[in-house]
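> Provided below for reference: sequence and predicted model.
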Amino acid sequence: MSTRTGEGSLLAQARASHTGTDNKALYKEWAANYNADLPADVYIAPTLTAKEALKFDSSATGSILDAGCGTGLVAEVLARGGAKSIDGLDLSPAMLTEAGKTGVYQKLFLGDLTRPVDIADERYDIVTCAGTFTHGHVGPSPALREFVRIVKTDSGIVVATIIDSIWESGGFKQEIEAMEAEGLVKVVSADIIDYVQARGDHAVLIVLEKLSPAARGDHKMQSSPAVLPTGQQLLSVRA
Ligand SMILES: C[S@@+](CC[C@H](N)C(=O)[O-])C[C@H]1O[C@@H](n2cnc3c(N)ncnc32)[C@H](O)[C@@H]1O
């Protein structure tokens with residue numbers, strides 16, 4: 001039987017999506033019903049992503065880019081937590097239209113995270129990205145390095161979910177380890193979280209802090225790379 005999150009659902013189709021063209025068509029069809037299909041108590045990744053980001057925006061003055069913003073589920077939680085300066089980027093015009101209805105974004109714009117994005121270096125304090133590092137959507141490169149490029153040196157934070165089934169096979173773990181070894185980022189945390197609860201899905205919720213060139217030298221000398229989750233640790237859920 002087809003359910004809102006089960007086999008045959010648009011969520012299942014999203015998992016089977018392979019190209020940007022597939023994704024645009026899928027989200028055009030899904031945009032109007034996306035929030036109803038994925039209520040916050042079922043799809044909890046946006047809430048967990050936003051709450052993690054808010055920990056780094058205690059004065060609520062930070063500028064935030066919500067990358068792969070969809071209909072705005074992350075930004076609505078950010079705004080309820082006091083965030084005032086939120087922009088949203090997405091591949092899908094239909095999802096951006098829905099995001100606009102939330103009234104919480106300062107600016108919404110089209111962008112493709114499988115390519116370098118047209119955003120100045122160090123433009124934002126925080127980048128959030130929930131639900132977009134998943135099957136057939138966006139891979140680790142160049143997106144993760146682009147996120148780091150566009151956040152501020154020394155204090156810039158990237159908070160992102162990566163669905164567990166592609167964490168290692170999709171090269172995310174390796175890319176983050178490489179960025180850490182280069183001294184580009186510090187891995188603040190990498191927790192396994194519930195994702196779409198009705199399906200029993202999990203994701204890695206990663207928090208990266210951008211390091212300054214000076215700190216990079218220190219980091220290389222003083223610290224050893226963080227131990228990132230492997231498949232064996234996926235039972236240790238922290239929701
Ligand atoms: C599962 S939705 C997540 C949306 C929102 N962040 C949330 O958590 O509800 C995935 C989003 O990624 C967007 N997306 C897919 N491929 C993309 C790409 N190459 N660049 C930017 N956004 C993309 C889709 O349009 C869709 O809005």
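The structure has been received and is ready for your questions.
> can you count the residues close to the nearest residue in space to residue 125 that is not next to it in sequence?
Spatial nearest neighbour of residue 125, excluding adjacent residues (CB to CB, 6 or more residues apart in numbering): residue 62 at 3.6 Å. From N, CA and C alone the C-beta is placed, and that goes for glycine too. Look at residue 62: counted by other CB atoms under 10 Å, it has 23 neighbours.
> Not counting sequence-adjacent ones, nearest residue to residue 130?
Closest to residue 130 by CB to CB, 6+ apart is residue 49, at 4.0 Å.
> Checking my notes, that neighbour in a strand, right?
No - assigned with DSSP: H, G, I helix; E, B strand; the rest coil, residue 49 falls outside any strand and is helix.
> Report the rounded mean pLDDT for the helix or strand encompassing residue 22.
For residue 22, the host element (DSSP states H and E) is helix 20-30. In this model, helix 20-30 has a mean pLDDT of 88.
> excluding its backbone neighbours, what's nearest residue 188?
Nearest to residue 188 is residue 207, by CB to CB, 6+ apart, at 4.0 Å.
> So residue 127, which state does it fall into?
Quick answer, by three-state DSSP: residue 127 is strand.
> Tell me if I'm right that it and residue 67 touch.
Yes - using CB atoms under 8 Å, residue 127 is in contact with residue 67, at 5.6 Å.
> what sits in contact with each of the two?
Common contact partners of residue 127 and residue 67 (CB atoms under 8 Å, 6 or more residues apart in numbering): residue 147.
> how close does residue 51 get to the ligand?
13 Å (CB to the nearest ligand atom, to the nearest Å).
> got a list of what the closest residue to that residue other than its chain neighbours touches?
The shortest distance from residue 51 to any non-neighbouring residue, by CB to CB, 6+ apart, is to residue 77 (6.7 Å). Listed by CB under 8 Å, 6+ apart, the contact partners of residue 77 are 46-47, 50-51, 54.
> Nearest residue to the middle of this protein?
The chain has residue 129 as the residue nearest its centroid, 1.9 Å off, counting by CA atoms, centre = their mean.
> which residues does that residue contact?
Here residue 129 is in contact with 49, 66-68, 113, 143, 147, 158-161 (criterion: CB under 8 Å, 6+ apart).
> how about 7 Å then?
By CB atoms under 7 Å, 6 or more residues apart in numbering, the contact set of residue 129 is 67-68, 147, 160.
> coming back round to it: for the ligand, state which of the contacts of residue 77 is nearest.
Closest approach to the ligand among those (CB to the nearest ligand atom): residue 46, at 4.1 Å.
> and the closest one, that one's in a strand?
No - using three-state DSSP, the secondary structure at residue 46 is helix, not a strand.
> nearest residue to it other than its sequence neighbours?
residue 73 (3.7 Å).
> I figured the one you found hits residue 44, correct?
No - when contacts are counted by CB atoms under 7 Å, residue 73 is not listed as touching residue 44 (10.0 Å).
> of these two, who's got more company?
Set residue 73 next to residue 44 and count neighbours by other CB under 10 Å: residue 73 wins out with 27 against 21.
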